Every structure is written in structure tokens, then in C-alpha cells.
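**Q** Below are the sequence and a predicted model; questions follow.
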Amino acid sequence: MDVHAPTAEAATTPQRGAVKTERDLRLDFFRGLSLFFIFIDHVPGNLLAYATFHGVAFFDAAEVFIFISGFTAALVYGRSLMRNGALLATAQIYRRVWQLYVAHIFLFVIFVAEVSYSVLVVQNAMYVEEMRVANFLETPHLAVIRALLLNFQPQFLDILPLYIVLLAGFPLVLLGLRVHRLLPFAISGILYGATLFWGWTPHTYPAGAPWFFNPLAWQFLFVTGATAGFSRVTGIWPFPSRQWFRVLAVGVAGFCTLVSLDWTIHWLYDPFPLFLAKQLWMHTLDKTNLAPLRLVDFLAFAAATMIFVRSDSRLLRMNGARPLIVCGQHSLQVFCLGIVLAVLGHFILSEFDGRVLMQLVVNLVGFAAMIGLAYLLEWYKVAVRQASGTRAATSALE
Amino acid sequence: MMARRITKLAAPLIVVLLGVAPVVAQTPAPPKTSQCTVPPDLIASDPTLPGLAKRFHDRQPVVIVAIGGASTAGVAAGGPASAYPQRLQEALARRHPGIPITVINKGVPRETTRDMIQRFAADVLAAKPNLVIWETGTVDAVRAVEVDEFATALEEGITALRAGGAAVMLVNMQYNPSLASVIDFGPYLDALDRAADLDDVYLFDRYQIMRYWTDNGRFNVVDVPHSKQAALAGEIYRCLGETMAGAIDRAAR
């Protein structure tokens, strides 16, 4: 991954101007974890989906991914803003946007190949209604334009368009953070509230292609992450951190986890009693508009995680955590591979064998491939660095 | 996803993980007497349908309305005469000889859950049904209606039907192995399952039943020549009607 990528590479200790640069492995770890969970959740009917975030919380891997992406974007580009000025920081952000855009189009091509195959194979009158969704095959010129405009978002291709739009607007967030550390947070919160209240959705062309993730709602999570991440640049933590706030966060996260866990057990094993499902379940469903219950649970969960998992936690140094961390450090490539693998995995499960053993195999092969790619990229990065280091014998880069 | 379905699927996994001999987890092989048989755990036994049970017991006429989409209307098999509601009526009549049983088909293609609710008063409740079979979810998934909107509409629909004095049976989507990559049925199947669970509504798990038939080679829905598609659809609808009659009898005890 190139140095401009918003990873935690440039994480510093909170003191501004501190010389020591230390990476916050928590960001990599949880981003890596969310990549694995996104892969698991994208294989339809995958039993392991019960063991991902939404088995124990109201939110899922998408919230984690977007929050951490906002956090690291503020950290990396915020430092660049302070050091190099707004123009270069913006250019760096747009270089990243371009990479994401190319990745999105790449995934779109793979997806079209897969869907075209499925649709043309299943020429059965019984499924005509269902197949109407694939009518982009009848108007491929419109489908391609919609994909280029980020308006074509079938089930596998929904997170990248959101990420692209959020990052494209990020220079404004950075400038706002420079004015006041809570200014973007306040504006973004008002926009989120108004979006929920008035039901705003982005205008799309041609009409009838909704955004699975409404960017007007999800920007709040990204900006909240950025507001927190910018504290690594300024050294000032922008949110409350007193004892009462910690207790509240842990309490809310714990409560939501208990309720979600109860539901998961009940859905798996019918006789287990349900608790509060009648009152709360419906309010956890609106992923498109980032339902407030999902947001509150996620923020409490994130705060509780920061309290219980310190950046020097032994958990992050364990051997078992290493693959997740490396995956988190090469998130774009591993994410794309995960999506392709999910499509392949689903193809195998539906065409050949969908039983539990095969599901285990598909999951394990998928994990191995993602970890393999991450280690390959890591090896490449180190090897290139060493090669250039020996060429320029006096290099003081490292 | 489906509580019962998952219990069944997860049991072998749990057994393997616990290192217990997997013998206990084996489900008994279904009898090969008919093409239509399904393992008993795919047919829920609760919640029960006491009102219907009483009518069967008192030998009173039974009126059932099936409201749904193209697969209820029987479009692929040529029309309502070959659709599952017709087959259900025939199967119920065989099971309860002497009791007048009417199944009215109100299937209209291309309607969302919300669209169907608009038709409840005129198409469903006007017939004063004892049971309403509500087949829904397909169009919502196809049009990517927001899942919370879908769940809210389901809840409203169930309440409206009950207020009209009818018992409710929900029917979920048709299964096809290649569809899952085109349409994301998962969240909608979950929502149907959970709404049924929370509101204590009987759910006829058409998706898993058809999946069972497909996985076990009872029907090949993938490579079908055009000339044979209507006949195949008719066969599947007949099996669905018969299986549904068994499910209704099981719940109306």
C-alpha cells in the first residue's frame, strides 16, 4: 500500500510534534477483523455470519469499517495538511479516491460476469419476476453508465461507492477540523438528524437506483471517526472522557450486546426466551439510513473497546492477531479480494454443495487467501523498501 | 435466518466442534414415497391455528384466501388452475372429505408488501376468510425496498388481517440456486422469519422446502428446455399445495 493510503501508518503519540512514531495496531486489527466479517456476511447463507458483529451487536462490520476509515483518513491526511498545506493534502486524498474508484469498476466487471452467467443459465419461467432485477442485461449501456456514476449498487458493490463519496468530500472536513476540532462533527450531526427527520436520499440518475448506504446519513459516522482521529494530530481529545462517560459507554454497549446475544440465541434455538425484541428489533433494521440505535450501540462499543483494549495491549502482540493486523494494513486490496472470494464462494456453495462442511471449507479457503495476499503485499513493501535502501546507501528514510 | 432451519443446519456443526460422534445428529432419511415429501422439521408445528382446527372439527365450511405475487397467480404454469392455491384446495378436500373447502386465489404479479395491503379490504377480507395465506417478500427484495420498511409493512398487514378476523399464514420466497447472487434475499427472509416469530404467525418456509427439493435432485430448475417449463412449474406448484395442506393440518390440530 502506498504511503498516502489512509492507514494507521503515521499514527503518533498524542503530543504534537512528538518525534516517536508508533502505529496504533488497534485500528489495523479491527479493520482487518471487519474485512473478514464483510467476507463472511457476503457469502449468502453463511452460518459463520452469526459469529460476526451483528450476532452480538445492533451494528455490523460496515459501521466498523467506515468509522476506522474516517479515523485513519483524519490521521494521515490531517498530518499532511499541517505539514504540507491544504492543496497537497487534497491532491493526496483525490489520488486515493481514484484508486478506490478503479477498484470499484474492477469489482463491477467481475460482478457483471457472474450475474450474466447466472441469469443466462437460469432461463426458467418460474423465476421471471425475481430475474427482473437483472434487467440491466437488457440495457447494458445504462448499466455501465450507472456503474461509472456509482449509482449501480447490487448487493456486493455497496461499501466502496460510499467510501469514495465520503473521501471525496473529506478535504472540506479537514479544513473544518483545522478551524475547530468539533466544527465538522456539529455540521455533520445536523445533516444526519435532518436526513433522518426529512427522509433525504441522494438524487440518482437514472431514477430508481437507491444507494444501499445513504451517504447523507453515513457521513456522520465517517466524520465522527475523523474527529476522533484528528486528535492524533492535535493531541487534544475532542469528546468527553470523564469517568461518568466511560461508565455510560460501557453500560450502553454491554446492554446492547446482551440484548443482541439473546436474540441470536433465540433465532438459533427457538425455545430460548426473547428479551425486548418486540420493542427494539424493528429499530435495528434501517442500515441504509444508519438507524440511531445502530449508531449509538456502535459509538458506545467503540468507546468501550478503547477503554478495555489499550493501544499497547498484549492482545495485539499475540501471534493470532498478526494476520488480522496485516490484513487491516492492506485493507483496499484485501477488501476487493474478499468480495471476489465471496462471489466465488457463493457460486461453489450454490452450484455444488451448500452443506456445513463445504461452508467451513469455503470460509477457511477465503481466510487463507485474504491472509496470503496481505502477507504477500507486506513482503513486497518491505522488500522494495530494503532494495531502495541499499541503492541509496545513505538513506535516512528508515 | 430461519430459527428451525439453522438449528437443523447448525446441529452437525456444533456436534463436530464439540467432538461428539456425529451419529446423533443424522436426520433420518425421508421416505421416498413421493416426489413432494419434505423432512418433518421443515414444516413448523407452531404456532397453531385453533380457529381452523375448530372448523374442521365441527365440519363447517372453510374459506381460505391466498394473496401473493406471480407464483401465487401461477403465471409460469399457465394460470390459477395450475397454481398452488388450487392444488391446496384439492389436497385439503381429500384430507377432509365432506367439508366444503374453498381456496380463493388473489395472486397479482409485481406487487410489494405495501401494495398488497392496499388490496386487503376488497380482495381478502370481503370474502370473510378463516385463513389468509400471504405470500410476500419477492418483489420487495427485487426492488430493494428498505428492510425496515418491509418489516413495518409486514407488521401492519398482519395486524390488519387479524383485525379482520382471519388467521394468517406467511409464505416466503421461491428458491433457486443461482438467484442468490442476483438478489439479496437474506435480509428479507430474516425479516419474514422474525416478524412471524414476534407476532406469533405461522410461517410456511417455501424457500427451504424448495431448496430441499432442489438440493436432493427432486426437481431440476436450472437446465429446463422452454417447452417443459410450464409442466415443471405445475409439478412444483402441486407439490407446494400438497405440502401446504399437510402443514395446515399439522397446525390446525
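**A** Received it, and whenever you're ready, just let me know what you need.

**Q** which residues of the stretch 101-250 of chain A score low on pLDDT?
**A** Flagging of the stretch 101-250 of chain A using pLDDT under 70 yields the residue ranges A:121-123, A:129-138, A:153-155, A:204-209.

**Q** Okay, helices next: where are they in it?
**A** A:128-131, A:140-148, A:159-168, A:170-179, A:183-198, A:215-229, A:231-234, A:243-268 (DSSP state H, counting those that start in this stretch).

**Q** Leaving out the residues flanking it, which one is nearest to B:Val108?
**A** B:Ala73 (6.5 Å; C-beta to C-beta, 6 or more residues apart in numbering or on different chains). Yep, even glycine has a C-beta here, placed from its N, CA and C like the rest.

**Q** quick one: buried residues of the helix or strand hosting B:Phe56?
**A** With secondary structure defined by DSSP states H and E, B:Phe56 is part of helix B:50-57. Buried residues in helix B:50-57, defined by neighbour count with 16 or more other C-beta atoms under 10 Å in any protein chain shown: B:Leu52, B:Arg55, B:Phe56.

**Q** before we move on, what about stretch B:142-154?
**A** B:Val142, B:Ala144, B:Val145, B:Glu146, B:Val147, B:Asp148, B:Glu149, B:Phe150, B:Ala151, B:Thr152, B:Ala153, B:Leu154.

**Q** Just the residues you listed: which are in helices?
**A** Assignment to helices by DSSP state H places the following of those there: B:Val142, B:Val147, B:Asp148, B:Glu149, B:Phe150, B:Ala151, B:Thr152, B:Ala153, B:Leu154.

**Q** Go back to the buried residues of stretch B:142-154 and keep what's next to chain A.
**A** With C-beta under 8 Å from any C-beta of the partner chain as the criterion, the buried residues of stretch B:142-154 include B:Val142, B:Ala144, B:Glu146, B:Val147, B:Asp148, B:Ala151, B:Thr152 near chain A.

**Q** Assign B:Val65 to helix, strand or coil.
**A** Judged by DSSP: H, G, I helix; E, B strand; the rest coil, the three-state class of B:Val65 is strand.

**Q** With adjacent residues omitted, what lies nearest to it?
**A** B:Val65 sits nearest to B:Pro129 (C-beta to C-beta, 6+ apart), 4.3 Å away.

**Q** The one you found contacts B:Ile104, doesn't it?
**A** Yes - proximity of B:Pro129 to B:Ile104 meets the contact threshold set by C-beta atoms under 8 Å, at 7.5 Å.

**Q** Look at the two and report which has more neighbours.
**A** The residue with more neighbours, out of B:Pro129 and B:Ile104, is B:Pro129; 25 against 18, by other C-beta atoms under 10 Å in any protein chain shown.

**Q** For A:Trp237, see how far away the more buried one is.
**A** B:Pro129 is 62 Å from A:Trp237, where distance means C-beta to C-beta, to the nearest Å.

**Q** pLDDT below threshold where in the stretch 51-200 of chain B?
**A** In the stretch 51-200 of chain B the weaker segments, taking pLDDT under 70 as the threshold, are B:181.

**Q** Close to chain A: what parts of it are there?
**A** With the criterion set to C-beta under 8 Å from any C-beta, the stretch 51-200 of chain B comes near chain A through B:69-71, B:75-76, B:109-110, B:138-139, B:142-144, B:146-148, B:151-152, B:155, B:173-174, B:176-186, B:191, B:193-194, B:197-198.

**Q** Please list only the buried members of those residues.
**A** Buried, going by 16+ other C-beta under 10 Å: B:69-71, B:75-76, B:109, B:138-139, B:142, B:144, B:146-148, B:151-152, B:173-174, B:176-186, B:191, B:193-194, B:197-198, out of those.

**Q** Give the closest residue to the most centrally placed residue in chain A in space, chain neighbours not counted.
**A** Centroid check for chain A by C-alpha atoms, centre = their mean gives A:Phe65 as the closest residue, at 2.2 Å. Once flanking residues are discounted, A:Phe65 sits nearest to A:Ser34: 4.5 Å by C-beta to C-beta, 6+ apart.

**Q** Then A:Asp158?
**A** Using C-beta to C-beta, 6+ apart, the closest residue to A:Asp158 is A:Phe212 (3.9 Å).

**Q** Could you check how many residues crowd around that neighbour?
**A** A:Phe212: 18 neighbours (other C-beta under 10 Å).

**Q** so it sits right up against B:Val145, yeah?
**A** No - in this structure A:Phe212 lies outside contact range of B:Val145 using C-beta under 8 Å: 11.9 Å.

**Q** Return the distance of stretch A:361-373 from the chain's centre.
**A** 19 Å (C-alpha atoms, centre = their mean, to the nearest Å).

**Q** Are that stretch and chain B in contact anywhere?
**A** No - applying C-beta under 8 Å from any C-beta, one finds stretch A:361-373 separated from chain B by no less than 11.3 Å.

**Q** which residues touch that stretch?
**A** Contact with stretch A:361-373 is made by A:35-36, A:39-40, A:43, A:46, A:48, A:323, A:326-327, A:330, A:333-334, A:337-338, A:341-342, A:345, A:348-349, as judged by C-beta atoms under 8 Å, 6 or more residues apart in numbering or on different chains.

**Q** Check stretch A:313-328 too.
**A** Taking C-beta under 8 Å, 6+ apart as the rule, stretch A:313-328 contacts A:7, A:25-33, A:35-36, A:309, A:334, A:370-371, A:374-375, A:378.

**Q** which among these end up buried?
**A** The buried subset of the contacts of stretch A:313-328 (16+ other C-beta under 10 Å) comprises A:7, A:25-33, A:35-36, A:309, A:334, A:370-371, A:374, A:378.

**Q** Those in helices, which ones?
**A** Those of those lying in helices (DSSP H): A:25-33, A:35-36, A:334, A:370-371, A:374, A:378.

**Q** Return the member of those residues nearest to chain B.
**A** Relative to chain B, the closest of those is A:Phe36; by C-beta to the nearest C-beta it sits at 18.2 Å.

**Q** ok, the closest one - contacts?
**A** Applying C-beta under 8 Å, 6+ apart, we find A:Phe36 in contact with A:Leu324, A:Cys327, A:Gly338, A:Phe367, A:Met370.

**Q** Compare those and tell me which has the most neighbours.
**A** Neighbour max across the contacts of A:Phe36 (other C-beta under 10 Å) = A:Cys327, 30 neighbours.

**Q** Looking at the closest residue to that one other than its chain neighbours now. What's its pLDDT?
**A** Nearest in space to A:Cys327, with sequence neighbours left out and distances taken as C-beta to C-beta, 6+ apart, is A:Gly32 at 3.9 Å. With respect to pLDDT, A:Gly32 scores 96.

**Q** Spit out the contact partners of A:Gly32.
**A** With C-beta under 8 Å, 6+ apart, A:Gly32 has these contacts: A:Pro323, A:Leu324, A:Ile325, A:Val326, A:Cys327, A:Gly328, A:Gln329, A:Ser331, A:Val334, A:Ala374.

**Q** Work out for me the element the third one sits within.
**A** When elements are assigned from DSSP H and E, A:Ile325 belongs to helix A:322-329.

**Q** before we move on, the earlier item: let me have the ones next to chain A among the buried residues of stretch B:142-154 in CSV, extended by distance to A:Arg314.
**A** Below are those laid out as CSV (distance: C-beta to C-beta, whole Å):
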residue, distance to A:Arg314
B:Val142, 49
B:Ala144, 44
B:Glu146, 43
B:Val147, 40
B:Asp148, 41
B:Ala151, 43
B:Thr152, 46
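
**Q** I figured B:Ala230 hits B:Gly79, correct?
**A** No - B:Ala230 is beyond contact range of B:Gly79, at 10.0 Å (criterion: C-beta under 8 Å).

**Q** Those two - which one has more neighbours?
**A** B:Ala230 (19 against 14).

**Q** shared neighbours of B:Pro129 and B:Ile104, anything?
**A** Counting by C-beta under 8 Å, 6+ apart, the residues touching both B:Pro129 and B:Ile104 are B:Val63, B:Ile64, B:Val65.

**Q** for the helix ranked longest in chain B, the distance to its chain's centre please.
**A** Longest among the helix segments of chain B by residue count, using DSSP H, is helix B:229-251. Helix B:229-251 has its C-alpha centroid displaced from the chain centroid by 9 Å (C-alpha atoms, centre = their mean).
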